[in-house]
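K.L.:
Could you look at this predicted model? Sequence included:
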Amino acid sequence: GAGVSQSPRYKVAKRGQDVALRCDPISGHVSLFWYQQALGQGPEFLTYFQNEAQLDKSGLPSDRFFAERPEGSVSTLKIQRTQQEDSAVYLCASSTGTAYGNTIYFGEGSWLTVV
Amino acid sequence: AQKITQTQPGMFVQEKEAVTLDCTYDTSDQSYGLFWYKQPSSGEMIFLIYQGSYDEQNATEGRYSLNFQKARKSANLVISASQLGDSAMYFCAMRGMDSSYKLIFGSGTRLLVRP
């Protein structure tokens, strides 16, 4: 597609429920990123994929968070047993490569509210 | 370690006037890229402009220009001829050569354009 596509745009989950957030990056982009953005703050890095390989997951806040990109295109961020502190916007982004000059393009985000 | 500082939580500007959004950064990387993103209320992070650390000229993209002062480690965004649609959050971000897959964000500046 023309841009990074994320779904669902909005998700309300009951505490303890599992959620899955989907990201479809720009076609041909080998690098894929997930960021978490709390209300009123800048995005925080969660994890990074190069093709299907997850090269960095240092930003995942707990083992309840899991991300995959099995075929090197679409990615899913899964949050198990959601808690209220997981409420945030989850932004997916992609780029052609990892050189510092490569622009990272973001999707519209998935807004997660845990009640 | 890398750090981005945006000291203006909120800014007002009159329509058709110019406005400068401040950004300072700290990095030990010799090579790095600086980015500005716009985030309207819809949530999407929209890429605006890029400046490489070795670029001799300040970057410009339409009404956006980046006032890059390497010695001061500042990368201020200048928006000329402000429009009502410019009202949004603005984030400064950087990618360093040594950790080039990660984009590090500042806390953002909320810009409100007055008619």
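P.N.:
Thanks, I have it. The shown structure was predicted, so the numbers you read here are calculated from the model rather than taken from an experiment.
K.L.:
The one residue sitting closest to the centre of chain A pairs with what?
P.N.:
For chain A, the residue nearest the mean C-alpha position is A:W34 (3.2 Å; C-alpha atoms, centre = their mean). Beta bridges link A:W34 to A:T47, A:C92 when assigned by DSSP bridges.
K.L.:
Test my guess that it contacts A:T76.
P.N.:
No. Using C-beta atoms under 8 Å, A:W34 makes no contact with A:T76, being 9.8 Å away. (Glycine included, C-beta is placed from N, CA and C.)
K.L.:
Next, show the common contact partners of the two.
P.N.:
A:23, A:67 (C-beta atoms under 8 Å, 6 or more residues apart in numbering or on different chains).
K.L.:
Run through the bridge partners of B:A75.
P.N.:
B:F68.
K.L.:
Could you check how many residues crowd around it?
P.N.:
As a burial measure, B:A75 scores 27 neighbours (other C-beta atoms under 10 Å in any protein chain shown).
K.L.:
Touching, it and B:F68? I think so.
P.N.:
Yes. B:A75 lies in contact with B:F68 (C-beta under 8 Å); the separation is 5.4 Å.
K.L.:
Find residues that contact each of those two.
P.N.:
B:34, B:51.
K.L.:
Close to chain A: what parts of chain B are there?
P.N.:
Residues of chain B that fall close to chain A, judged by C-beta under 8 Å from any C-beta of the partner chain: B:4, B:29, B:31-33, B:35, B:37, B:42-47, B:50, B:52, B:91, B:93, B:95-97, B:100-108.
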